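could you look at this predicted model? Sequence included:
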Amino acid sequence: MPKRKIYVAGHRGMVGSAIVRHLTSLGEDVLTSSRQELDLRDQSSTHAWLKMHEPDAVIVAAAKVGGIHANSVEPAHFLYDNLAIEMNLIHGSHEAGVDRLVFLGSSCIYPKFAPQPISETSLLTGPLEPTNEWYAIAKIAGIKLCQAYRRQYQRRFISIMPCNLYGPNDNFDLMSSHVIPALMRKVHEAKCAGAGDLAVWGTGTPLREFLHVDDLARAVVFCLDNYDEDEHINCGGGSDISIRELAETICKIVGFEGRLTFDATKPDGTPRKLMDSHRLRERGWSPAISLEEGLTNTYQWFLQNHT
Ligand code: GFB
């Protein structure tokens, strides 16, 4: 296959950087833009940049992301930044004549009490989880934008919904991060301090489905080459684990032998969001990295980059 010029928007983040690593390993011509060079929330400069560079494909990995706390305290940023980024990239790609675009969403687009495992058809069938509805509404708008440009202009734009992701280049800041980097840092610091116990947010009972970001990167490129449908497609690891079990697994990997306590004053969020990813599996993608293996290599990355 000839080399394509593929623009990865958001290449410095965990997801974008994993996609860049994978595309580069395949010999593709990867295009990126720095934040100084281009603010994706700025409509005219984003449109002009796309017209000037004329990529063959665009991957929308740029987003304002964060864990349960950040989502609750920064609703304006989660809604406005994400709407602006996706509107500018999707419409700008259309105007620049880009043939293929992959938009990345999140499993939080589904109703809080969607039947499990959650199928793509559950979208817009019930109320969202309040802690992340701002982010979810923006991501639902992104799916609809891709569908609208497909229907009105026959653009081959698609959307992928990943479950909770983790891996190298994740955000380890305790107030804005997701649960895996937060617990990794807290458990590591508790071990270094010789602490006897460690408080985990929430009751420990919520279930989450996790996927290593390198598995997602393979799915994104797989879909770029093999998926061209109106409907968004789920991309999950296939099983879920309670926050308590996750915390215990991280303690084992880090080597912390203290006691875990659970702070029920902190929000749990959605009780469960296991996705049904059979449509993607049937087409030929499956995850290759087990949770324990992925957590171990992410902890190594944390030790090398944050300590
Ligand atoms: O990863 P997380 O912030 O995101 O939290 P969500 C998952 C669960 O882990 C929640 C618990 O039940 C948290 O209460 N938890 C325990 C912790 N300890 C901690 C901790 O130290 N930090 C964090 N962050 N959580 C996000 C959405 O929801 O999922 C986003 O807010 C996005 O919009 C993302 O969709 C994938 O899974 O609850």
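Perfect, thanks for sending it. Quick caveat, the model's predicted, so the values are computed rather than measured.

the helix or strand where Asn234 lies pairs with which strands?
Using DSSP states H and E, Asn234 sits within strand 233-235. Taking DSSP bridges as the criterion, strand 233-235 sits next to strand 156-162 (parallel) in its sheet.

for the residue in the chain positioned nearest to the ligand, which non-adjacent residue is closest in space?
Closest approach between the chain and the ligand, counting by Cβ to the nearest ligand atom: Gly67, at 2.7 Å. Any C-beta I mention is one placed from the backbone N, CA and C, and that applies to glycine too. Distances taken as Cβ to Cβ, 6 or more residues apart in numbering place His178 nearest to Gly67, at 4.2 Å, with adjacent residues excluded.

how near is the spatially closest residue to Pro162 that is not a sequence neighbour to Leu207?
Excluding the flanking residues, the one nearest Pro162 by Cβ to Cβ, 6+ apart is Cys235, at 4.8 Å. Cys235 sits at a distance of 18 Å from Leu207 (criterion: Cβ to Cβ, to the nearest Å).

okay, those two: which has more neighbours?
More crowded of Cys235 and Leu207, by other Cβ atoms under 10 Å: Cys235, with 28 against 17.

tell me the buried residues in the helix or strand that Lys186 is a member of?
Element membership of Lys186 [criterion: DSSP H and E] is helix 179-193. Across helix 179-193, burial judged by 16 or more other Cβ atoms under 10 Å covers 179-188, 190-191.

now stretch 98-118
By neighbour count on 16+ other Cβ under 10 Å, the buried set for stretch 98-118 is 98, 100-112, 114, 116-118.

ok, now stretch 61-81?
Neighbour-count burial for stretch 61-81 [16+ other Cβ under 10 Å]: 61-72, 74-75, 78-79, 81.

ok, the residue nearest to Pro162 - contacts?
Residues near Cys235 by Cβ atoms under 8 Å, 6 or more residues apart in numbering: 160-163, 211, 216, 219, 275, 277, 280, 285.

just the residues you listed: which are in strands?
Counting by DSSP state E, the contacts of Cys235 place 160-162, 211 in strands.

can I get the residues you listed in a markdown table including pLDDT and neighbour count?
A markdown table is the format used below for the ones in strands among the contacts of Cys235 (pLDDT from 0 to 100; neighbours: other Cβ atoms under 10 Å):
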| residue | pLDDT | neighbour count |
| --- | --- | --- |
| Ile160 | 99 | 24 |
| Met161 | 98 | 25 |
| Pro162 | 98 | 23 |
| Leu211 | 98 | 25 |
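
enumerate the residues of the stretch 1-150 of the chain near the ligand.
Within the stretch 1-150 of the chain, the positions adjacent to the ligand are 67-69, 71, 106, 108, 131-132, 135 by Cβ under 6 Å from any ligand atom.

tell me which two in the residues you listed are the farthest apart.
Farthest apart among these by Cβ to Cβ are His69 and Ser106. That separation is 16.2 Å.

now the lowest-mean-pLDDT helix or strand in the chain - C-alpha only, PDB.
When each helix and strand of the chain is scored by mean pLDDT, DSSP states H and E, helix 68-73 comes last, with a mean of 95. Extracted C-alpha coordinates of helix 68-73, given in PDB (Å, rounded to 0.1, in the frame of the first residue of the first chain):
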ATOM      1  CA  ILE A  68     -14.300  11.800  37.300                       C
ATOM      2  CA  HIS A  69     -13.200  14.800  39.400                       C
ATOM      3  CA  ALA A  70     -11.900  17.000  36.500                       C
ATOM      4  CA  ASN A  71     -15.200  16.200  34.500                       C
ATOM      5  CA  SER A  72     -17.200  17.500  37.500                       C
ATOM      6  CA  VAL A  73     -15.300  20.700  38.200                       C
END
